[in-house]
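Engineer: sequence plus predicted model, see below.
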Amino acid sequence: MTTQFRGTAAVSLEGIQRNWSQSNGWESTYTYKGTWANIELARNNTAYVGNSSRIDVNQEAGGYGTMQVTFAAIDNESASTTANTPESDMWELKPSKVQRNIWEDPYFNDLDDNRIVYVSDSNYLALPNYGGTKYRIRTAVDAYLSAVQASIEAGTRDASKVDVHTKLDEWATSGHTPSVYTGLTDNQKQKALDLVNLLLNGTDTDEHTRYVLRNIRILPGNTSTQVAHEQVGKQWTTAALSNYIFATAIPSVTRHTMLGDLNAVFGSSYWLKEAPLLSDVHGGKVELVQEWTNYELGEKSTLLHNVYG
């Protein structure tokens, strides 16, 4: 015995098929059968096709026909009511390759300058190791390469050398004590020379692995979920990001694995929250993509991008 479905046309509901996928969430398809004249009426009747995402009608022999109505929801009732629960909630931690200046590599962090601190209108305190060390090294290499280039163009042999010692020691000859260069440790001096060698060999950039944490949610087209623009452009601590995942993500093995990896590997780094992306996808659904980009401690200015959490 067939079931009479809502509507006034004399068509019968033959079956309901429901499918779920991680990329599209729930879909349900209702199949009706009746005379071709009634199928033609039903395909324009909102009682059957209201809020549907797809309609397929087929004319059959003997004056009959079938109609398949697909809804981007678990059933036709859900398609017409407001919902805010994601149908799919995917998380991925994806590495990407980016280029950065060789002197920005953590290996050369010991050569970084300290921040100048304001003391009074007539006195700015330059903390120890504020000598423009990396800049002086690059200036020395650039001066040497310019001299070599000039000698090549002049057809002569240049006998100059990389005068990095003088560049690092300039403050001492300008009345500043102690000497910037003599203030460097043996380890810092070796790293200064390592940077010189890399720059002389043309290595001024290098590939760096940067991780991006991406959350992709598939929402029903009638969702009431609001996009979270709060804290965009801020550097989230790993603890703050972990708390967010724990509070908002649908419980899954992936969620627990993600939380464990974040806290074990990225505990001391920061995550820059990017602007969310909202777009239409298959079946009238809504895809919400939120990304956080990982940065090492001190890699991105906290003056320009405040810390959240």
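Structural biologist: Cool, the structure landed.
Engineer: pretty sure Val227 is touching Pro276, no?
Structural biologist: Yes: look at Val227 against Pro276 with CB atoms under 8 Å: they come within range, at 5.1 Å. C-beta here means a position set from N, CA and C on the backbone, and glycine is covered the same way.
Engineer: which stretches in the stretch 151-300 of the chain count as helices?
Structural biologist: Counting by DSSP state H, counting those that start in this stretch, residue ranges of the helices within the stretch 151-300 of the chain are 164-168, 170-173, 186-200, 238-248, 253-265.
Engineer: the third one: which residues count as buried?
Structural biologist: Going back to what we said before, that points to helix 186-200. Along helix 186-200, the positions that meet the burial threshold by neighbour count (16 or more other CB atoms under 10 Å) are Gln188, Lys189, Lys191, Ala192, Leu195, Val196, Leu198, Leu199.
Engineer: circling back to that earlier point, how about JSON lines for the helices of the stretch 151-300 of the chain, with mean pLDDT and distance to Thr29 added?
Structural biologist: Putting these into JSON lines (pLDDT from 0 to 100; distance: least, CB to CB, whole Å) gives the following:
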{"stretch": "helix 164-168", "mean pLDDT": "64", "distance to Thr29": "73"}
{"stretch": "helix 170-173", "mean pLDDT": "45", "distance to Thr29": "77"}
{"stretch": "helix 186-200", "mean pLDDT": "88", "distance to Thr29": "62"}
{"stretch": "helix 238-248", "mean pLDDT": "90", "distance to Thr29": "31"}
{"stretch": "helix 253-265", "mean pLDDT": "82", "distance to Thr29": "29"}
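Engineer: what about Gly50, how many residues nearby?
Structural biologist: Applying other CB atoms under 10 Å, we find 12 residues neighbouring Gly50.
Engineer: quick one, phi/psi of it?
Structural biologist: Dihedral pair for Gly50: phi -60, psi 130, per degrees, to the nearest 10.
Engineer: remind me which residues of the stretch 201-309 of the chain are low pLDDT?
Structural biologist: Judged by pLDDT under 70, the stretch 201-309 of the chain has its weakly predicted residues at 221-222, 224, 253, 282-283.
Engineer: helix or strand for Leu41, which one?
Structural biologist: Take DSSP states H and E as the rule and Leu41 turns out to sit in helix 36-42.
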